Every structure is written in C-alpha cells, then in structure tokens.
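Visitor: Need the 3D shape of this:
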Amino acid sequence: MPARPEVAVDRDVPVLTDGTVVLRRLDERDVPQLARNCADPAAAEFTTVPLGYTETDARWYVEQFVPDAWRARREYNWAAADAATDRLYGTVGFNALRGTTADVGLNFGPHARGTGAAEAACRLLLEHGFAHLGLTYAYWMAKVPNWASRKLAWKLGFRSPVRIDGFMEQRGASVDAWLLTLGAGDHRTPQAPWDGPPRPGAASSAGPGAPR
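Guide: Presented below is the predicted three-dimensional model:
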C-alpha cells in the first residue's frame, strides 16, 4: 500500500518545488483565480467542473473538499503556483487512489498555457507519488479530443494510449476518453513518436480531476 500520511490535514500538505513552480496547499488567496480557471470554457469542455463555477464553489473546494479528501486519504490535491510571485496557475493532484495506483488530475488557467507550468507541476507530483507515496502506477485520463492533455501526458512518458468510448463520466453523461499509463520505473520522456496533430488546438492543460 502507498505510504500515505497517517494524519492528513490541510497543514500537512508537503511543499514541492523545482524553483520555478511550487506545489503547496490551497487556501483563501487562491479562491478568485481558481474560480476564473474553472469558469474558463476549456475547463467546462474537458473537465468535470460544474458549469457556472463561482467563487462560492471555489471556496467550498478549498476549505472543505480538499482538506476532507486529504484526511480521508481519498484525494491529494495541491495548488500549483509561480514560485516567484505565488500566483496560482491551477490545481494538480492524485485522485481515484486504489492500492498502489492513482489517477492524475489537473486544471490550469489560460494564463498558464505556454509557460511550461503544467508540465513542471506534473513532474513534481509524479516524483512525489512514486518516491514518497509508494505508487507503482499513475494513470492519465483525457476526454477525447483533448489533444493538449494527451500531448502533456506523452511528454511526461505516459504510454499505451487506449481509447475507451463512454468511459469518462462528465456531469451525468458518458463521454469518450483516452487512458494512458506511467510506471514508477518508466522514463519520464516520450516513449514513442507523437501521433497527434502538430499543434493541438481546442484543448487545455486540464483533466477530469479538476475542482468540483
């Protein structure tokens, strides 16, 4: 089983950084930007966030859902922020924890796209999961046709993309999804040539594990 924290309250969220991006616990300062991120059309299209997302929804997520999930060892979610300014880029974490595996979930705002922040944050997350949480596999689910999400997973070394029609649940509907896998011993670099469009267009740095 993963070596998960025995006491997982919000103050125990480990701080992870590469000097450019920092993963830390979510708090009140993040509420306005989190609400803007989740109200973005790409988040509505490709994640499971409720439609019409407001600061009230963001505050509930920050103050109740995230700390409750840590305590229950159900999900581990971080704020991903600029290490210099502390401005929130988005959220990233592990959800659907089962045995020694978990799904990666993320949602970054439009201002983070093209900065490399999502890739850096995911690398910090994966290193922590494999080295300190005892994970043996991480899974990545992207709604078809979220090519940007799939390309990010490809950059991180996720392999063997499989399309499963109707596998992902989004606001009560079944939608098609790609599933990708990364093992603890896998290289964190592309495992095969890129097979998608040269410039993923209508897509986002977002996955189903975004704020509810």
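Visitor: can we go C-alpha only for contacts and neighbour counts from here?
Guide: Will do.
Visitor: just the helices in the protein please.
Guide: 31-39, 41-46, 55-60, 66-71, 117-132, 147-155 (DSSP state H).
Visitor: quick one: which of the ones you listed is nearest residue 168?
Guide: helix 41-46 (10.5 Å; Cα to Cα).
Visitor: what sits up against the closest one?
Guide: 37-38, 49-51, 107, 142-143, 146, 202-204, 206-208 (Cα atoms under 8 Å, 6 or more residues apart in numbering).
Visitor: How far off centre is that helix?
Guide: The chain centroid and the centroid of helix 41-46 are separated by 14 Å under Cα atoms, centre = their mean, to the nearest Å.
Visitor: Just the C-alphas of it, formatted as CSV.
Guide: Once non-C-alpha atoms are left out, helix 41-46 reads as follows in CSV (Å, rounded to 0.1, in the frame of the first residue of the first chain):
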residue,chain,number,x,y,z
PRO,A,41,-14.6,27.4,-21.5
ALA,A,42,-11.9,24.8,-21.8
ALA,A,43,-12.4,23.7,-18.3
ALA,A,44,-16.1,23.3,-18.9
GLU,A,45,-15.4,21.3,-22.1
PHE,A,46,-12.7,19.0,-20.8
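Visitor: Just give the closest residue to residue 112, not the sequence neighbours.
Guide: residue 89 (5.6 Å; Cα to Cα, 6 or more residues apart in numbering).
Visitor: I'd like the distance between the one you found and residue 207.
Guide: Distance, residue 89 to residue 207, using Cα to Cα, to the nearest Å: 14 Å.
Visitor: Need the pLDDT of the residue nearest the centre of the chain.
Guide: Nearest to the geometric centre of the chain sits residue 106, at 2.0 Å (Cα atoms, centre = their mean). We have a pLDDT of 97 for residue 106.
Visitor: Look up how far residue 92 lies from it.
Guide: 4 Å.
Visitor: what's the answer for residue 102, then?
Guide: Taking Cα to Cα, one finds residue 102 at 13 Å from residue 92.
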